[in-house]
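Undergrad: Okay, predicted coordinates and the sequence, questions at the end:
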Amino acid sequence: MTITRAITLRTILDSRGRKTVEAEVRTEHGFGRAAAPGGASTGIYEAAVRDPALAISEAENQVIPHLIGIDSSDQIGVDALLHEIDGTDNFSKIGANLTVSLSLAMAKAAADSRNIPLWQHLGGIFVDYAPRPLGNVIGGGAHASHATEFQEFLVVPTGCESVRDGIFANAQVHATVHDLLKKRGIHAGKGDEGAWAPPISDPDAFGILTEAISLVSDETGFEISPGIDVAASQMYDPESGMYRYRDGTTRSPEEQVTYIADLIDEYDLVYVEDPLHEEDYTGFAALNRETGNRCLICGDDLFVTNTKRIQEGISHGSANCVLIKPNQIGTLTDTCEAIHLAQRHGLETVMSHRSGETEDTTIAHLGCAFQCIFIKTGVVGGERTAKLNELMRIEESIYERK
Ligand SMILES: O=C(O)[C@@H](CO)OP(=O)(O)O
Ligand SMILES: [Mg+2]
């Protein structure tokens, strides 16, 4: 029933208009389809991405024949085989964009063959909540030029009863930010993830974010909290060992820690991602020691969903949260191992999109199956709302089951 009968690979468009890999897996009774997303502010330790067309044409001979006949419900076996065929430790031979789409499509085909949704196939009977949506409402950095220094100014509906209410509240904050920008005569386009990308300073962005949050919180009656993704590797200059901001400010790693800790207190931030660059386990640890009791200090480029790097972070006490991006590591099994390692050590996990996305909704299922605290997947834009809308549907099914 779950034996793989056919596999199709093709290139499709991502939200930036670039080519990406899509995989389809057919079993006797099931079908699964998944596409690889792509980053702009990618960590240097992420698994390797190959040119999609090239990766597909080589896979037709070197990968697909090995997968036909394999049991799609044996996810660990499927992913081990992908590693074996590749033979490197970062999928540099066959490409993590190829493997992640195949690995996820296999899981979806297995779920479909069992006639259950993916979140249930992977999460089982004890899944009892959907992760809260963490969404980018103002942004800049590598996702938009002439905008904020920090890559993402985020909101999360910490007080919402249902994820559905939270998703609509985030959208309302996004719209309110636009109103406030217009009132101040500031024109803004949107960045890669649909966040407003105004030509303003980070302190001004915090001001607008805080005002928008308070207006929408008053209306909805529940707490909405701010967060940021600094994406600090983008502003770190390894030669001088300093963080260089585009406004001319430079900060030493110690000054960067103090700066971020002050922002956490000034704006009551509940979530800070990549406050320091991707090699700085000890700088992360200093910030985590100082603020980890009141804010999630999350590693994205630091950990790249890689168990070796997460283990290193655990031994340094670098973070209390791990960002999870399946395409950073290349298979569902590796993703699951990263989540389990983090959760075993009491770290929170946040399931995440990439800045280059497709209408694929798999991460909504993974966020529920693995009981992540948040899902970071934007606020507006079709490739983002596809996931949010799926999350609402899954939440309904979870409630119906209770
Ligand atoms: O830094 C990030 O967290 C992501 C997604 O928001 O961006 P990118 O996909 O460009 O790495
Ligand atoms: Mg990030």
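TA: Arrived safely. Ligands and ions are numbered 1, 2, ... in the order given.
Undergrad: where exactly do the strands run in the stretch 51-200 of the chain?
TA: Here the stretch 51-200 of the chain has its strands, by DSSP state E, counting those that start in this stretch, at 132-139, 152-156, 189-190, 196-197.
Undergrad: Mind putting those strands into CSV with mean pLDDT and mean neighbour count?
TA: Where C-beta positions appear, they are placed from N, C-alpha and C, glycine not excepted. CSV is the format used below for these (pLDDT from 0 to 100; neighbours: other CB atoms under 10 Å):
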stretch, mean pLDDT, mean neighbour count
strand 132-139, 98, 30
strand 152-156, 98, 29
strand 189-190, 96, 14
strand 196-197, 98, 25
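Undergrad: of all these, which lies closest to ligand 2?
TA: Among the strands of the stretch 51-200 of the chain, strand 152-156 comes nearest to ligand 2, with 7.2 Å by CB to the ion.
Undergrad: Can you list the strands that that closest one pairs with?
TA: Applying DSSP bridges, strand 152-156 is found paired with strand 132-139 (antiparallel), strand 225-229 (antiparallel).
Undergrad: how many other residues sit next to the closest residue to Ala142 other than its chain neighbours?
TA: Nearest non-adjacent residue to Ala142, counting by CB to CB, 6 or more residues apart in numbering: Ser41, 4.1 Å away. For Ser41, the neighbour count with other CB atoms under 10 Å is 20.
Undergrad: How about Asp265?
TA: Neighbour count for Asp265, taken as other CB under 10 Å: 12.
Undergrad: Tell me which helix or strand it sits in.
TA: According to DSSP states H and E, Asp265 maps onto helix 253-267.
Undergrad: Partner strands of the following helix or strand past that helix and their direction?
TA: The helix or strand immediately downstream of helix 253-267 is strand 271-273, counting by DSSP H and E. Taking DSSP bridges as the criterion, strand 271-273 forms sheet pairs with strand 225-229 (parallel), strand 296-299 (parallel).
Undergrad: for the ones you listed, which one sits closest to Thr377?
TA: With respect to Thr377, and counting by CB to CB, the nearest of the strands paired with strand 271-273 is strand 225-229 at 12.8 Å.
Undergrad: for the closest one, the distance to its chain's centre please.
TA: How far strand 225-229 lies from its chain's middle: 14 Å, per CA atoms, centre = their mean, to the nearest Å.
Undergrad: quick one: that strand to helix 253-267, angle?
TA: Here strand 225-229 points in a direction 160 degrees away from that of helix 253-267 (axes from the mean of the first three to the mean of the last three CA atoms, to 10 degrees).
Undergrad: any residues touching strand 225-229, and which ones?
TA: Strand 225-229 is contacted from outside by 134, 136, 150-158, 206, 209-210, 213, 263, 267-274, 296, 300, using CB atoms under 8 Å, 6 or more residues apart in numbering.
Undergrad: just checking: which of the residues you listed also lie near ligand 2?
TA: Filtering the contacts of strand 225-229 for neighbours of ligand 2 using CB under 5 Å from the ion leaves 273, 300.
Undergrad: Please list which of the contacts of strand 225-229 are also close to ligand 1.
TA: Restricting those to those touching ligand 1 (CB under 6 Å from any ligand atom) yields 151, 300.
Undergrad: Isn't the residue nearest to Ala142 up against Ser233?
TA: Yes: the pair Ser41 and Ser233 passes the contact test of CB atoms under 8 Å, sitting 7.3 Å apart.
Undergrad: circling back: could you export the strands of the stretch 51-200 of the chain as a markdown table, including distance to Glu390?
TA: Below are the strands of the stretch 51-200 of the chain laid out as a markdown table (distance: least, CB to CB, whole Å):
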| stretch | distance to Glu390 |
| --- | --- |
| strand 132-139 | 12 |
| strand 152-156 | 18 |
| strand 189-190 | 22 |
| strand 196-197 | 24 |
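Undergrad: between those strands, which gets nearest to Val25?
TA: Relative to Val25, the nearest member of the strands of the stretch 51-200 of the chain by CB to CB is strand 132-139, separated by 28.6 Å.
Undergrad: The closest one: how far from the chain's middle?
TA: Using CA atoms, centre = their mean, the offset of strand 132-139 from its chain centre is 11 Å.
Undergrad: could I get that strand in PDB with only the CA atoms?
TA: Extracted as PDB, the C-alpha positions of strand 132-139 are listed here (Å, rounded to 0.1, in the frame of the first residue of the first chain):
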ATOM      1  CA  ARG A 132       1.200  30.100  17.400                       C
ATOM      2  CA  PRO A 133       2.100  32.100  14.300                       C
ATOM      3  CA  LEU A 134       5.200  34.200  14.400                       C
ATOM      4  CA  GLY A 135       5.100  36.700  11.600                       C
ATOM      5  CA  ASN A 136       7.200  39.400  10.000                       C
ATOM      6  CA  VAL A 137       5.500  42.800   9.700                       C
ATOM      7  CA  ILE A 138       8.400  45.100   9.100                       C
ATOM      8  CA  GLY A 139      11.600  44.000   7.500                       C
END
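Undergrad: re the thing from before, between Ser41 and Ser233, which contacts overlap?
TA: Asp301.
Undergrad: just to revisit the earlier point, for Thr349, which of the strands paired with strand 152-156 is the nearest?
TA: strand 132-139 (11.9 Å).
Undergrad: A strand includes Val322, no?
TA: Yes: counting by DSSP: H, G, I helix; E, B strand; the rest coil, Val322 is part of a strand.
Undergrad: which stretch of helix or strand covers the closest residue to it other than its chain neighbours?
TA: Closest residue to Val322 apart from its sequence neighbours, by CB to CB, 6+ apart: Ala342 at 4.2 Å. Assigned by DSSP H and E, Ala342 falls within helix 332-344.
Undergrad: So which bits of that helix are buried?
TA: The neighbour-count check on helix 332-344 (16 or more other CB atoms under 10 Å) flags 332-339, 341-342 as buried.
Undergrad: Show me where the stretch 151-300 of the chain has its helices.
TA: Taking DSSP state H, counting those that start in this stretch to define them, one finds helices in the stretch 151-300 of the chain at 163-183, 202-220, 253-267, 281-291.
Undergrad: Mind checking these for the one nearest to Ile310?
TA: Closest of those to Ile310 is helix 281-291, at 11.0 Å (criterion: CB to CB).
Undergrad: Mind listing residues that contact the closest one?
TA: Counting by CB under 8 Å, 6+ apart, 253-254, 256-257, 260-261, 264-265, 272, 275-277, 297, 299, 302, 312-313, 316-320 sit against helix 281-291.
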